[in-house]
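Q: Provided below for reference: sequence and predicted model.
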Amino acid sequence: MKAYLANGLFSMGDRILNELLAEKIRKSIPNIHLYVPQENAAINDKNSYADSVTIAKADMDKLKESDFLIAVIDGVEIDSGVAAEIGAFYMLNRPIFALYTDVRQQGRHNDKKIQALIDDGTENQFMYRNLFVVGLIKQTDGGIYSSVEELVEAVENYTTK
């Protein structure tokens, strides 16, 4: 099976998370061909040069080859490149597995948090993700997972069907 790992790749945190995810997925699913854009030096060695068309073509080719997408949707906003990759991949009608680790998902059943939001909309203790992008993910056979372990397990289960 072939898969594509979509996440930002410019901050140290993103690069470390990508390495961790890639390592865990490759260990759990030894026969997987996982494309991680940050490993493609031809387009992502920032000491070199690749124009926008070259980058888009390289990544789109890998998206089209992939059986499923793994997308990290963490951050203040979903990374714009990741959102574009989700949209493009959705059109291929294949599963999208998303990782969303924001700790503000916790406490959804806390009555004080809910009442505070009802009383004052500026007291939003919860997170927000773009509903269009979330809706695309939810319409596939993938899903949204809150931990690396849950995500890897879901991908592993999908690949062993």
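A: Sure, I can see it.

Q: which SSE is the residue most central in space within the chain in?
A: Among the residues of the chain, Ala71 comes closest to the average C-alpha position under Cα atoms, centre = their mean, at 1.5 Å. For Ala71, the element it lies in under DSSP states H and E is strand 68-72.

Q: quick one on the thing from earlier: cross-check the contact I'm expecting between the residue nearest to the centre of the chain and Ile86.
A: Yes - the pair Ala71 / Ile86 is scored as a contact, 5.4 Å apart, by Cβ atoms under 8 Å. From N, CA and C alone the C-beta is placed, and that goes for glycine too.

Q: Could you name every residue contacting both of those two?
A: Ala6, Ile96, Ala98, Ile137 (Cβ atoms under 8 Å, 6 or more residues apart in numbering).

Q: Highest neighbour count among these?
A: Across the shared contacts of Ala71 and Ile86, neighbour numbers were computed from other Cβ atoms under 10 Å; Ala6 holds the maximum, 30 neighbours.

Q: From Pro37, how far out is it?
A: 8 Å (Cβ to Cβ, to the nearest Å).

Q: what does Asn47 give?
A: Counting by Cβ to Cβ, the gap from Asn47 to Pro37 is 16 Å.

Q: and those two? which has more neighbours close in?
A: Taking neighbours as other Cβ under 10 Å, Asn47 and Pro37 compare with Pro37 leading, 20 against 5.

Q: mind exporting stretch 154-161 as PDB, just the C-alpha atoms?
A: This file holds the C-alpha atoms of stretch 154-161, laid out as PDB (Å, rounded to 0.1, in the frame of the first residue of the first chain):
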ATOM      1  CA  ALA A 154      -6.700   2.900  12.600                       C
ATOM      2  CA  VAL A 155      -4.300   2.900   9.700                       C
ATOM      3  CA  GLU A 156      -3.000  -0.500  10.600                       C
ATOM      4  CA  ASN A 157      -6.600  -1.900  10.800                       C
ATOM      5  CA  TYR A 158      -7.400  -0.300   7.400                       C
ATOM      6  CA  THR A 159      -4.300  -1.900   5.800                       C
ATOM      7  CA  THR A 160      -5.100  -5.300   7.100                       C
ATOM      8  CA  LYS A 161      -8.700  -5.500   6.000                       C
END
